[in-house]
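Asks: Turn this into a model:
(2 chains)
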There are 2 protein chains.
Amino acid sequence: MGKYTLGIDLGGTKINTAVFDETEKIIGSARTKTEVQLGQDLVFQRIVEISREAISAAGINPSELVAVGIGSPGPLDPDTGYVIDAANLRFKNFPLAPKLAEAFHCPVVLDNDVNVGTFAEYKAGAAQGASVVLGMFIGTGIGGGIVIGREIYHGFSKNAGEVGHMVIKAGGPRCGCGARGCLEALASRPSMVRDLRKYVKRGRHTVLTKHAGRDLEEVTSSALKDAYHSGDKLVRKVVDRAARYIGLGLGGLVNVLGPEVIVLGGGVIEALGDHMMDRIQKGIRRVAFAHAVEHLKVFKAKLGDDAGVIGAALLAKQKLAIGSQAIPAIVNASGQEPGAAGHQF
Amino acid sequence: MGKYTLGIDLGGTKINTAVFDETEKIIGSARTKTEVQLGQDLVFQRIVEISREAISAAGINPSELVAVGIGSPGPLDPDTGYVIDAANLRFKNFPLAPKLAEAFHCPVVLDNDVNVGTFAEYKAGAAQGASVVLGMFIGTGIGGGIVIGREIYHGFSKNAGEVGHMVIKAGGPRCGCGARGCLEALASRPSMVRDLRKYVKRGRHTVLTKHAGRDLEEVTSSALKDAYHSGDKLVRKVVDRAARYIGLGLGGLVNVLGPEVIVLGGGVIEALGDHMMDRIQKGIRRVAFAHAVEHLKVFKAKLGDDAGVIGAALLAKQKLAIGSQAIPAIVNASGQEPGAAGHQF
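Replies: Sure thing, here's the model as predicted:
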């Protein structure tokens, strides 16, 4: 009987893998580029190969793995283990968990990458032990995850937690999803860059154009941070406004979900969190009812880049420990889900 | 051992009570005005008196009651049975469930009125058997309730489900809660009337001014309906816009909560639902992801005015049947909650 778990964090640009021992310590890890342009079958091979590297680095035998957890962009089906249609991964109706179960001869748990990140913060990061956790990750997009009573909340749609796609400003800027005024269209990094570009076209000044040109291509969160630090007025205006929108969005979510802890992460928060947190908190308190914020805690995420592999491994472990009739999300090599209807409550 | 349950629907204007037999049939009912100006102690007496009338109408002995359920405006604490601070009821830190338990010598379950209405639709109305139900009730305000896996979802705040207070239009009209651009400030009946009044002041015409004057005081949902029917352009414009906002708000909630069924009720929907439902659905589909709406059902509430008493009685019954260690919401005559921490998951 093995005792090691493998955590995989599958993203549009890189694959991160790590092997954990019984004490949840990383004993071996490996990462590589995803190379989505290769197509889903070759990307799957890369996942298996890099995982084997992590296993080898851990100095264990693959047969000692007791479970594999993997976080992936969605939409996906955590019950069947299929990725349904992940645009930035170019996966379509792909049996990711069943195929991994076949490759590693052990049960595999698949979940949304942001859910997994939130779960990691709940189990081992900023939100440990909280009864209701709302995670929001702000970067290229805005994703979210909800943990209620020890479990990732999936909803009937199996893809709940998409907090970036609530309308905060009806009639506002067009979002990548097609709607107008979504939080993601107001406060993600590309949205901030879009606003900056507009101001620059109107003749406003920012230090960012020095390196990135008037089109502000490839402006990173870290470049935004440096500009903010240097006192760049335009960047401050745009970042402060994004923080305000995030606060308003979270305020509404506090009224609807009544979380105990909100965890904020992602590239924008990692770079600019210190400047944004106060405004975010103010926004929340402007919207949320007093009794809902009274005991609310708002934290920055703690686990950074490792959240994905940690969350995936811990999720697989928790689901296994519960007993198989309660674990529809665990898929065995046959690709059948052992459990029933698929709702965790 | 008794077998009857008493359901109480406590509102700012009226108190509705009904006694249910084992088959969930109403065998006696009574209602009266709340008279909030009398203060919480005298209002409590009125609740007890009108309940006794319902019991008497049912032809049973009060000792045959096995449980009492009551829905009340919040915020409230379903674990201790206290109403914390209900403005339109003028109750403040009032031990409503403990005092009712004392009066009727049986366990009492207290919950938010809109939660109770949603629960009623889940148990006996439009959303029967759904795994995740989102209720939204639109009238003087906009309230909501969430049922997940058979249970009312309360969150850590114990007052989750306040769907009327998400910001849909940042910088929009001031809401009664103090924030700007909440859904309630965009799509409740008073918000529609406010918009109509503004247009009338600017010289626009509506048939409503005939009876209600240029100030449009006391415009009911039913008056809005008649005007809409008659082809009143201004009323159509304002009602259609409200429906669109409701759709946008629900679309975001679909992305976050992934419900199986949305139930829409309240005075505005009862009067204008036939005209609004299409636009609401369109708004949802503009915002919600395809995989989240694929199997989503959106229904009008079925139970109307009786939802409150039905939901309260059924909630009390369900909580009792679960076994007392799992029922923190049931309060006995001593005012102590028998269970522990207060989260239902």
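Asks: May I see the buried residues of the helix ranked longest in chain A?
Replies: Looking across chain A with DSSP state H, the single longest helix is helix A:233-257. The neighbour-count check on helix A:233-257 (16 or more other Cβ atoms under 10 Å in any protein chain shown) flags A:234-236, A:238-239, A:241-257 as buried. C-beta: built from backbone N, CA, C; applies to glycine.
Asks: any bit of it sitting next to chain B?
Replies: Yes: applying Cβ under 8 Å from any Cβ of the partner chain, one finds helix A:233-257 in contact with chain B at A:245, A:248-249, A:251-257.
Asks: could you point out which element follows that helix?
Replies: Remark: after helix A:233-257, the chain's next helix or strand is strand A:261-265, criterion DSSP states H and E.
Asks: List of residues touching that following strand?
Replies: By Cβ atoms under 8 Å, 6 or more residues apart in numbering or on different chains, the residues outside strand A:261-265 that reach it are A:117-118, A:121-122, A:125-127, A:130, A:132-138, A:246, A:250, A:254, A:273, A:277, A:280, A:284, A:296-301, A:304, A:307.
Asks: buried subset of the residues you listed?
Replies: In the contacts of strand A:261-265, burial by neighbour count holds for A:117-118, A:121-122, A:125-127, A:130, A:132-138, A:246, A:250, A:254, A:273, A:277, A:280, A:284, A:296, A:298-301, A:307, counting by 16+ other Cβ under 10 Å.
Asks: Could you pick out which of those are located in strands?
Replies: Among those, the residues falling in strands (DSSP state E) are A:132-138, A:298-300.
Asks: Residue B:94: which of those residues is nearest?
Replies: Checking those against residue B:94 with Cβ to Cβ, the nearest one is residue A:132 at 26.2 Å.
Asks: Hmm, the closest one is touching residue A:253, no?
Replies: No: with contact defined as Cβ atoms under 8 Å, residue A:132 does not count as touching residue A:253 (10.8 Å).
Asks: which residues are common contacts for those two?
Replies: Jointly contacting residue A:132 and residue A:253 under the rule Cβ under 8 Å, 6+ apart are residue A:259.
Asks: can you list the residues of the stretch 201-345 of chain A near chain B?
Replies: Residues of the stretch 201-345 of chain A lying near chain B (Cβ under 8 Å from any Cβ): A:245, A:248-249, A:251-260, A:286-289, A:291-292, A:294-296, A:341, A:343-345.
Asks: rerun at 7 Å
Replies: A:245, A:248, A:251-252, A:255-260, A:286-287, A:289, A:291-292, A:343, A:345 (Cβ under 7 Å from any Cβ of the partner chain).
Asks: which residue is nearest the centroid of chain A?
Replies: Most central in chain A under Cα atoms, centre = their mean is residue A:114, positioned 2.2 Å from the mean C-alpha point.
Asks: Surely that residue touches residue A:145?
Replies: Yes: counting by Cβ atoms under 7 Å, residue A:114 does reach residue A:145; the two are 4.9 Å apart.
Asks: okay, and the common contacts of these two?
Replies: Common neighbours of residue A:114 and residue A:145 (criterion: Cβ atoms under 7 Å, 6 or more residues apart in numbering or on different chains): A:135, A:161.
Asks: Show me where the stretch 1-150 of chain A has its strands.
Replies: For the stretch 1-150 of chain A, applying DSSP state E, counting those that start in this stretch gives strands covering A:4-10, A:14-20, A:26-33, A:65-72, A:76-77, A:82-86, A:91-94, A:108-112, A:132-138, A:142-148.
Asks: Can you lay out these as TSV showing mean pLDDT?
Replies: Converted to TSV, the strands of the stretch 1-150 of chain A look like this (pLDDT from 0 to 100):
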stretch	mean pLDDT
strand A:4-10	98
strand A:14-20	98
strand A:26-33	98
strand A:65-72	97
strand A:76-77	97
strand A:82-86	94
strand A:91-94	96
strand A:108-112	98
strand A:132-138	98
strand A:142-148	98
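Asks: Chain B is nearest to which of those strands?
Replies: For the strands of the stretch 1-150 of chain A, the distance to chain B is smallest for strand A:132-138, at 4.5 Å, taking Cβ to the nearest Cβ.
Asks: Partner strands of that closest one, with direction?
Replies: Strand A:132-138 sits in its sheet next to strand A:142-148 (antiparallel), strand A:261-265 (parallel), going by DSSP bridges.
Asks: quick check: angle from the first one to helix B:233-257?
Replies: With axes from the mean of the first three to the mean of the last three Cα atoms, to 10 degrees applied, the angle from strand A:142-148 to helix B:233-257 works out at 70 degrees.
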